[in-house]
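[1] Build me a structure from this.
(2 chains)
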Amino acid sequence: SQKIEQNSEALNIQEGKTATLTCNYTNYSPAYLQWYRQDPGRGPVFLLLIRENEKEKRKERLKVTFDTTLKQSLFHITASQPADSATYLCALDGDSSNTGKLIFGQGTTLQVKP
Amino acid sequence: KAGVTQTPRYLIKTRGQQVTLSCSPISGHRSVSWYQQTPGQGLQFLFEYFSETQRNKGNFPGRFSGRQFSNSRSEMNVSTLELGDSALYLCASSPGLLNSPLHFGNGTRLTVT
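    Numbers count the residues shown, from 1 in each chain, chains lettered A, B, ... in the order given. Reported below is the predicted structural model:
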């Protein structure tokens, strides 16, 4: 079955630095991969989607890469701020025939220190 | 545009009881998905409804069921509650098109004692 792995340990970085989060997957060839942000006590919030035929996607300070050979996605936050502190989840499509089923990783908690 | 609304926000039930959770999707969204989130298992897909029909189902026992109404609002029901059902239950809506991102509510925190 599909499996997604994200850095299980929290990532602590200094304000202004670039945060890089990793998402690896096995036993699947997803049509797309999504990244979400989740704050404590809240539902996940969609950030970016990248398709299998796209190498890179950007949105403001966020950048996502997708390497289907390595079966890996990298999520970068440049010029990080304390407000970026949250848990970041990657998710791949669980069934290419519909949109509602996503397979989520366990998430990586990012802590940005001022 | 109002976001996804889930009620109630918190719920405490006893083993053996049943519970019904409610979800109002974003206006115009026809797809509603339900997820269970626990510290050990993370986010796990329960089921998805699209235009009142269950379109996909995760690997959960039959005690977990749901439905969707003609106005796209959805409910999920858990019968014969077990301690292990304690979790954050999240509802997400989308237009139902391929590659559409999910819009999540803030969940219902269910505690089973």
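
[2] list the contacts for residue 16?
    This is for chain A. A:G16 is in contact with A:A79, A:S80, counting by Cβ atoms under 8 Å, 6 or more residues apart in numbering or on different chains. Quick note: C-beta positions are derived from backbone N, CA and C, even for glycine.

[3] actually chain B
    Here B:G16 is in contact with B:T80, B:L81 (Cβ under 8 Å, 6+ apart).

[4] What parts of chain B come near chain A?
    Within chain B, the positions adjacent to chain A are B:4, B:31-33, B:35, B:42-45, B:48, B:50, B:55-56, B:58, B:90, B:92, B:94, B:96-107 by Cβ under 8 Å from any Cβ of the partner chain.

[5] Could you rerun that using 6 Å?
    B:31, B:33, B:42-43, B:45, B:48, B:55-56, B:90, B:94, B:98-101, B:104-107 (Cβ under 6 Å from any Cβ of the partner chain).

[6] any chance you could map the strands in the chain?
    Just so you know, I chose chain A. Listed in chain order, the strands of chain A (DSSP state E) span A:3-6, A:11-14, A:19-26, A:32-38, A:45-51, A:56-59, A:62-67, A:72-77, A:86-93, A:102-104, A:108-113.

[7] that's the other chain; I wanted chain B
    Going by DSSP E, chain B shows strands at B:5-7, B:10-13, B:19-24, B:31-38, B:42-50, B:53-57, B:64-68, B:74-78, B:87-94, B:103-104, B:108-112.

[8] Mean pLDDT lowest where, among those?
    Looking at the strands of chain B, the lowest mean pLDDT belongs to strand B:53-57 (a mean of 92).

[9] Show me what that one is packed against.
    Applying 3 or more Cβ pairs under 6 Å, 6 or more residues apart in numbering or on different chains; DSSP states H and E, we find strand B:53-57 packed against strand B:42-50.
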